[in-house]
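In: Need a 3D model of the sequence below.
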Amino acid sequence: MLVVGQKEEEEGKVSVRSRYLGDEGMKDLNEFIDAICREIRTKEIRKIEVTE
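Out: Residues are numbered from 1 along each chain as shown. The predicted model follows:
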């Protein structure tokens, strides 16, 4: 999930929340787009360690 509020908009960033890792922090919008496109293109699965 991406959160874009006034602060993120002004800074050109997005706040990233993932299903497994939770709050991943703020990331530059263009860097996020590049990373997610690479993940889709290569079908790369991010290593996610789930602890119970």
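
In: Could I get the contacting residues of Glu24?
Out: Val16, Arg17, Ser18 (Cβ atoms under 8 Å, 6 or more residues apart in numbering). From N, CA and C alone the C-beta is placed, and that goes for glycine too.

In: Just the buried subset of these, please.
Out: Neighbour-count burial (16 or more other Cβ atoms under 10 Å) is assigned, among the contacts of Glu24, to Val16.

In: Which entry within the contacts of Glu24 corresponds to the minimum pLDDT?
Out: pLDDT across the contacts of Glu24 is lowest for Ser18, at 85.

In: Tell me where this structure has strands.
Out: All strands of the chain, identified by DSSP state E, fall at 2-3, 13-18, 22-28.

In: Pick the most deeply packed of those.
Out: Of all the strands of the chain, strand 13-18 has the most neighbours on average by mean count of other Cβ atoms under 10 Å, namely a mean of 16.

In: Helices of this protein, residue ranges please.
Out: Using DSSP state H, the helices of the chain run over 6-11, 29-42.

In: Just give the nearest non-adjacent residue to the residue nearest to the spatial centre of the chain, would you?
Out: Closest residue to the average C-alpha location of the chain: Val16 at 4.1 Å, with Cα atoms, centre = their mean. Once flanking residues are discounted, Val16 sits nearest to Glu24: 4.1 Å by Cβ to Cβ, 6 or more residues apart in numbering.
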